[in-house]
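>>> Fold the following, please.
(one chain, ligands or ions: 1)
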Amino acid sequence: ASYDMGGHDTYMHKEIHEQAEAVDRVLRGRIDDRFSTVHLGGLNLDARDARAVRRVKILGCGTSYHAGQIGAQMIEELARIPADAEPASEFRYRNAVVDPDTLYIAVSQSGETYDVLAAVQELKRKGARVLGIVNVVGSAIAREADGGMYVHAGPEVCVVSTKCFTNTCVAFALLALHLGRTRDLSVRDGKRIIEGLRKLPAQIEEMLKQEEDVKKLAAQYADARSMLFIGRVRGYPVAREASLKLKEVSYIHAEAYPASELKHGPLALIEPALPTVAIVPDDDLLEKNRAAMEEIKARSGQILAVAHQEQEKADHTIVVPKNEDELDPILMGIPLQLLAYHTALALGRDIDKPRNLAKSVTVE
Ligand code: G6P
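Numbering: from 1, shown residues only. You can find the predicted model right below:
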């Protein structure tokens, strides 16, 4: 497919800049202010079904898997249902235990990724209930699932996913809110999350205004041979996705690690030539994250922090607008898309079509 680039040099750049509109679309028509919840009719899950869910298992590949990790945390936090994400490609080969009280969720931009589709088919053969969180309407995974929701990111052409990732995270926030409100999430917390969701499009626009600053930072880090991304709890999947994005478009080696695990290995790598990107939300783990940055600084490591306020331990900070704690991962991913993009641009990479990669992997 070929769509107008609308004045952008690459689809990646265009798609990064379409995110405020895209988020607006995933929210549209779904919020129910009267009951502080959302309408997700396509789930085919009534309140009784929702209450019967004992666990949630999310399956996806690549960026969709990382969106699933963020989604799992949102579901645990807002609905208090144990949830986790796993690469669909691993799940389908390990003869996983399929449990009738678990709600399975398949995540896919294209809706055609073979490993995800095969996992869905295997689950259905074993009688499981599977929902799809998919972008492409009418795609194979959407058709195969028992229900689900479209993320309405619009067509995504660049091989690496940006706007669909963001919209999938927002879709998970809606699902978590919905599940939460059939359980113990209060009206007040429901309202708080809805207000946070409504703020996102304007906050995304605000974030994107910092592009020139991120571009300057990217120029400084473009000669790194390797980069470390760290985060804790909500920040960890953000670090993983940022590290994947950088690898995919710039070909710089990157590794994501939980900040809490630094002392169990990666500290040995720290030296001036290995920069660290630290995801530092202003939540109850802020002090812990500051301590991790101190450990890195003490070993002469350079640090770029992505945070809600200037970090004195870091060499540079990208300040992201604050939202509700549970929704912070959504906005924190955005400057890191810009960082990957501008690093790749500085290195002259083929941004929309990175070597060896395909937009959707429809074969085994
Ligand atoms: C490929 C793409 C990735 C994408 C993954 C899953 O590897 O290069 O960008 O995240 O497939 O694709 P899906 O369409 O299922 O989200």
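
>>> Regarding stretch 280-293, how distant is the last residue from the first?
10 Å (Cα to Cα, to the nearest Å).

>>> gap between it and the chain center?
Centroid displacement of stretch 280-293 relative to its chain, using Cα atoms, centre = their mean, to the nearest Å, is 20 Å.

>>> and what of stretch 158-177?
That offset, for stretch 158-177, works out to 6 Å (Cα atoms, centre = their mean).

>>> CA atoms of it as PDB?
Once non-C-alpha atoms are left out, stretch 158-177 reads as follows in PDB (Å, rounded to 0.1, in the frame of the first residue of the first chain):
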ATOM      1  CA  CYS A 158       6.700   1.900   8.300                       C
ATOM      2  CA  VAL A 159       8.000  -1.600   9.200                       C
ATOM      3  CA  VAL A 160       8.600  -0.500  12.800                       C
ATOM      4  CA  SER A 161       5.500   0.200  14.800                       C
ATOM      5  CA  THR A 162       4.900   3.500  16.500                       C
ATOM      6  CA  LYS A 163       1.400   4.800  16.500                       C
ATOM      7  CA  CYS A 164      -0.100   1.400  16.700                       C
ATOM      8  CA  PHE A 165       2.000   0.600  19.700                       C
ATOM      9  CA  THR A 166       0.700   3.800  21.500                       C
ATOM     10  CA  ASN A 167      -2.900   3.000  20.500                       C
ATOM     11  CA  THR A 168      -2.600  -0.600  21.600                       C
ATOM     12  CA  CYS A 169      -1.400   0.600  25.000                       C
ATOM     13  CA  VAL A 170      -4.500   3.000  25.200                       C
ATOM     14  CA  ALA A 171      -6.700   0.100  24.100                       C
ATOM     15  CA  PHE A 172      -5.300  -1.900  27.000                       C
ATOM     16  CA  ALA A 173      -6.000   1.000  29.400                       C
ATOM     17  CA  LEU A 174      -9.700   0.900  28.200                       C
ATOM     18  CA  LEU A 175      -9.900  -2.800  28.700                       C
ATOM     19  CA  ALA A 176      -8.300  -2.600  32.200                       C
ATOM     20  CA  LEU A 177     -10.700   0.100  33.100                       C
END
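
>>> Isn't Ala307 up against Pro321?
No: under the criterion of Cβ atoms under 8 Å, Ala307 makes no contact with Pro321, lying 11.3 Å away. For glycine as for every other residue, the C-beta is placed from the backbone atoms N, C-alpha and C.

>>> which one of these two has more residues nearby?
Neighbour comparison, Ala307 and Pro321: the larger count goes to Ala307, with 23 against 17 (by other Cβ atoms under 10 Å).

>>> number of nearby residues for the nearest residue to that one once chain neighbours are set aside?
Spatial nearest neighbour of Ala307, excluding adjacent residues (Cβ to Cβ, 6 or more residues apart in numbering): Val280 at 4.0 Å. As a burial measure, Val280 scores 29 neighbours (other Cβ under 10 Å).

>>> got the contact list for Val280?
235, 286, 289-290, 293, 305-308, 311, 314 (Cβ atoms under 8 Å, 6 or more residues apart in numbering).

>>> could you redo the last one with a cut-off of 6 Å?
Val280 makes contact with 289, 305, 307, 311, according to Cβ atoms under 6 Å, 6 or more residues apart in numbering.

>>> which one among those gets closest to Lys245?
Of all the contacts of Val280, Lys245 sits closest to Ala305, with 17.5 Å by Cβ to Cβ.

>>> For that closest one, which three-state class applies?
Following DSSP: H, G, I helix; E, B strand; the rest coil, Ala305 is assigned to strand.

>>> That one touches Glu312, doesn't it?
No: using Cβ atoms under 6 Å, Ala305 is not in contact with Glu312; the gap is 9.6 Å.

>>> between these two, who's got more neighbours?
More crowded of Ala305 and Glu312, by other Cβ under 10 Å: Ala305, with 24 against 10.

>>> in the stretch 251-364 of the chain, which spans are strands?
Applying DSSP state E, counting those that start in this stretch to the stretch 251-364 of the chain gives strands spanning 253-258, 276-280, 303-307, 316-319.

>>> Looking at those strands, spot the one closest to the ligand.
strand 253-258 (15.2 Å; Cβ to the nearest ligand atom).

>>> Neighbouring strands - and their directions - for that closest one?
Paired with strand 253-258 in the same sheet, following DSSP bridges, are strand 226-231 (parallel).
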